[in-house]
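> dropping a prediction and its sequence here:
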Amino acid sequence: MKILVTGGLGFIGSHTTVELQNKGYEVIIIDDLSNSTEKVLDGIVAITGKRPIFEKIDLKERSKVEDFFKRHQDVAGVIHFAASKAVGESVEKPLLYYENNIGALVYLLKELSQKNKSSFIFSSSCTVYGQADKMPITESAPVKPAESPYGNTKQMGEEIIRDTCKVTPGINAIALRYFNPMGAHPSGEIGELPIGVPQNLVPFITQTGMGIREQLSVFGDDYPTEDGTCIRDYIHVVDLAKAHVVALERLLNGKNQDNYEVFNVGTGKGSSVLEVIKSFEKVSGKKLNYKIVDRRPGDITSAYADTTKANKVLGWKAESTLDEAMKSAWLWEEKIRK
């Protein structure tokens, strides 16, 4: 069975491709290589023994999207990761984000709406909740006004899919709202490859541990939390990848109750920035050079998932601990710097 993974050479996309191939699916990757490299394919082959089909396509080019679906009429499902994802950059370049993240989604859905039946998994985010009123966050928590154009594209993306599903019974879709992915494949063959300054805490920690960055800045220690630093739900990327496969199979097997569903994907446990630093020091045996600085605008105090729905309805549960995920991130960092 053929599955299209857009953004399949990126961090989460590459790990999801591995899990799909491990379960016998034939994967086609579309990626424009704006935030990844073709070398990732070698890592996927090293793990699975199979090279996915790869097409370098910019999904903003509608004619190329149409041409792809003409050539691949037997695509049974789409997992859509391809998007620009830096919050700060989105504030500076909103139109780029709306064009990349909304344009591509619309073109994909237009093609899928012409098929008799299609399954669509959307890569959404816990940013849609903003600072939720209570923890842990359930799927019924209100969607708050977005803090950034990036967050807004995830909210709008969900709304576009929901509106499309209402009038297109042939499309079955699931939006996965994930929390903070981290780590790398235990084989050390694929992982997170941030271009330039990392946007996420964990690669910033591992790069500081490696001496690539001189010091980690911890933004604020005066939040109303146990140690004063922000709390997030860090999920191992392999657990997250498996959730995509489980969600896709729910649709392919017709187990979904509605043709548009939403699930939180996290561990259900919140960890503070200082706890994440301690985890790194424990698994690496290194002291991390960090300093407390002022709060960063736009940062919320706390966000961690209530994963009851994913656990019970999808039958999926995160398995890795923070230390296990951190250990895999550190092994990957050591490998790529050799």
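Received it, and whenever you're ready, just let me know what you need. Source: prediction; values computed, not measured. Numbers count the residues shown, from 1 in each chain.
> okay, now the domains of the protein?
Per automatic domain parsing, the domain ranges recorded for the chain read 2-182+234-265, 201-232+268-306+319-336.
> residue boundaries of the helices in this protein?
11-22, 39-48, 62-71, 87-92, 94-98, 104-112, 149-167, 201-210, 237-252, 273-284, 308-309, 322-336 (DSSP state H).
> which one of these lies nearest to Thr301?
The closest of those to Thr301 is helix 273-284. By CB to CB, the value is 11.5 Å. Bear in mind the C-beta positions are built from the backbone N, C-alpha and C, glycine included.
> report the separation between the nearest residue to Arg337 once chain neighbours are set aside and Leu112.
Nearest residue to Arg337 in three dimensions, chain neighbours excluded: Met210, at 5.5 Å (CB to CB, 6 or more residues apart in numbering). Separation of Met210 from Leu112 (CB to CB, to the nearest Å): 42 Å.
> what of Asn101?
As for Asn101, its distance to Leu112 is 17 Å (criterion: CB to CB).
> again, but for Leu288
Applying CB to CB, the value for Leu288 to Leu112 is 45 Å.
> which of those two has more neighbours?
Leu112 (23 against 16; other CB atoms under 10 Å).
> dig out what the closest residue in space to the more buried one that isn't next to it in sequence forms beta bridges with.
Of all residues not flanking Leu112 in the chain, Ser118 sits nearest, at 4.2 Å (CB to CB, 6+ apart). On the basis of DSSP bridges, Ser118 is bridged to Ile171.
> what about Ser118, how many neighbours?
21.
> contacts only, for it.
Val75, Ala76, Gly77, Val78, Leu112, Gly170, Ile171, Asn172 (CB atoms under 8 Å, 6 or more residues apart in numbering).
> can you select the buried ones from those residues in ChimeraX?
Restricted to buried positions by 16 or more other CB atoms under 10 Å, the ChimeraX selection for the contacts of Ser118 reads:
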select :75,76,77,78,112,171,172
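> buried deepest among the domains of the chain, which one?
With neighbours defined as mean count of other CB atoms under 10 Å, the domains of the chain peak in mean count at domain 2-182+234-265, which reaches a mean of 19.
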